[in-house]
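Trainee: quick one: sequence and predicted model below, then my questions.
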Amino acid sequence: MEALFHSGQWLALSSAIVWAVAVILFRISGYSLHPLSLNLGKNLFALFLIALSLVLRGNSFFPSVPSRATSLLLLSGFLGIAISDTLFLWTLKLLGASLTAIVDCVYSPFVIGLSYIFLRERLSWPQLLGAAFIVSAVITITRNNSLQAEAQAPVSRKNFILGIISGISAMALVAIAIIIIKPVLKDTPVVWATGVRLLGGTLPLLVIPLIPSKKKLFSPLFKFSTWKILGPASFFGTYLSLIFWIGGMKYSLASVAAALNQLSTIFIFILAATFLKEKVTFRRAIAVILAVFGAFLTSR
């Protein structure tokens, strides 16, 4: 089991699986929660679980980690959780699960490109071709001439465009967020690093409920019924998925881990069609095939 936990590829794939489950649950939670309150709620729940994990494992809350590494983890959390996750949840609300999953396929090309520039990770021709397939998937699904056919509940042109912009922005930010901490992960405990990063993404959000005009957005978090879905979503999508994601990035190349993370696309597509009854169209199916094939090539 310990060897499995230190396998970057398995951790990255596990992250994709649990993230797909969480996206479906976040989509359901998003019907009644604003993206800001949803983001804050899931983060607080996951922080509690991470603190509990550190206690049960006998790990220190203050390990011997350089202050620079801690600062980068906090910055990564601000960019990749406080901002990026809010944008992602907004995209999910605007577009639905399956469309969001396809737009988010730009994540791995962003990580591959940034890892090449800043981490000196070499890109092979199959990886470049894979990135091209993934971008093609996004282009396939973002053509507007058959927009109404792509949604069971029609998405307005305004929401469609806003969803595409917010989705791509979210993936760009999360790619930057992971690249800046990749060099320091090798000497940092995974669970602790996940907690510090999550703290950096939660603290800025705690300010928003203090704004009188925004206070009402967070009132659903005090209802027990909210947590029937948000609790499991936070467990899978913020606690487990983040730990697996950080572990995958620590124990393998960023470009390889990102490609395997991208396989969440196919899992989300299947789950959205099965449980959310989101319409399966020819265009969406082609986009998913392109995305998954691209992810496979980038992991070569």
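Mentor: Sure, I can see it. Residues are numbered from 1 along each chain as shown.
Trainee: test my guess that V288 contacts S264.
Mentor: No: because the distance of 11.2 Å does not satisfy C-beta atoms under 8 Å, V288 is recorded as not touching S264. In short, each C-beta sits where N, CA and C put it, glycine included.
Trainee: higher neighbour count, the two?
Mentor: A count of neighbours by other C-beta atoms under 10 Å puts S264 above the other of V288 and S264, at 26 against 23.
Trainee: circling back to that earlier point, give me the common contacts of V288 and S264.
Mentor: Counting by C-beta atoms under 8 Å, 6 or more residues apart in numbering, the contacts common to V288 and S264 are A101.
Trainee: okay, now the unreliable bits of the stretch 151-300 of the chain?
Mentor: In the predicted model of the stretch 151-300 of the chain, residues 151-154, 298-300 satisfy pLDDT under 70.
Trainee: got the phi and psi for V65?
Mentor: Main-chain torsions, V65, degrees, to the nearest 10: phi -130, psi 130.
Trainee: just give the nearest non-adjacent residue to it, would you?
Mentor: Leaving aside its sequence neighbours, V65 sits nearest to T188 (C-beta to C-beta, 6 or more residues apart in numbering; 5.7 Å).
Trainee: ok, V190 next?
Mentor: Once flanking residues are discounted, V190 sits nearest to G247: 4.7 Å by C-beta to C-beta, 6+ apart.
Trainee: quick one on the thing from earlier: the residue nearest to V65: how many residues sit nearby?
Mentor: The tally of other residues near T188 (other C-beta under 10 Å) stands at 22.
Trainee: heads up, I number from 238, so please use that
Mentor: I'll keep to 238 as the first residue from here, and by that count the last item is T425.
Trainee: which ones are touching it?
Mentor: Contacts of T425 by C-beta under 8 Å, 6+ apart are 302, 306, 310, 487.
Trainee: SS state for it?
Mentor: With DSSP: H, G, I helix; E, B strand; the rest coil as the basis, T425 sits in coil.
Trainee: for it, give its distance to I507.
Mentor: From T425 across to I507, the span is 34 Å (C-beta to C-beta, to the nearest Å).
Trainee: likewise F298?
Mentor: As for F298, its distance to I507 is 39 Å (criterion: C-beta to C-beta).
Trainee: neighbour count winner among the two?
Mentor: Using other C-beta under 10 Å as the criterion, F298 and I507 rank with I507 on top: 15 against 10.
Trainee: C-alpha coordinates for the helix or strand that contains the more buried one, CSV please?
Mentor: Element membership for I507 (DSSP states H and E) is helix 501-512. Output in CSV follows, covering the C-alpha atoms of helix 501-512 (Å, rounded to 0.1, in the frame of the first residue of the first chain):
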residue,chain,number,x,y,z
SER,A,501,-11.4,12.8,-15.3
THR,A,502,-13.1,14.1,-18.5
ILE,A,503,-14.3,10.7,-19.6
PHE,A,504,-15.4,9.8,-16.1
ILE,A,505,-17.4,13.0,-15.7
PHE,A,506,-18.9,12.6,-19.1
ILE,A,507,-20.2,9.1,-18.2
LEU,A,508,-21.4,10.0,-14.7
ALA,A,509,-23.1,13.2,-16.0
ALA,A,510,-25.0,11.2,-18.6
THR,A,511,-25.9,8.5,-16.1
PHE,A,512,-26.9,10.5,-13.0
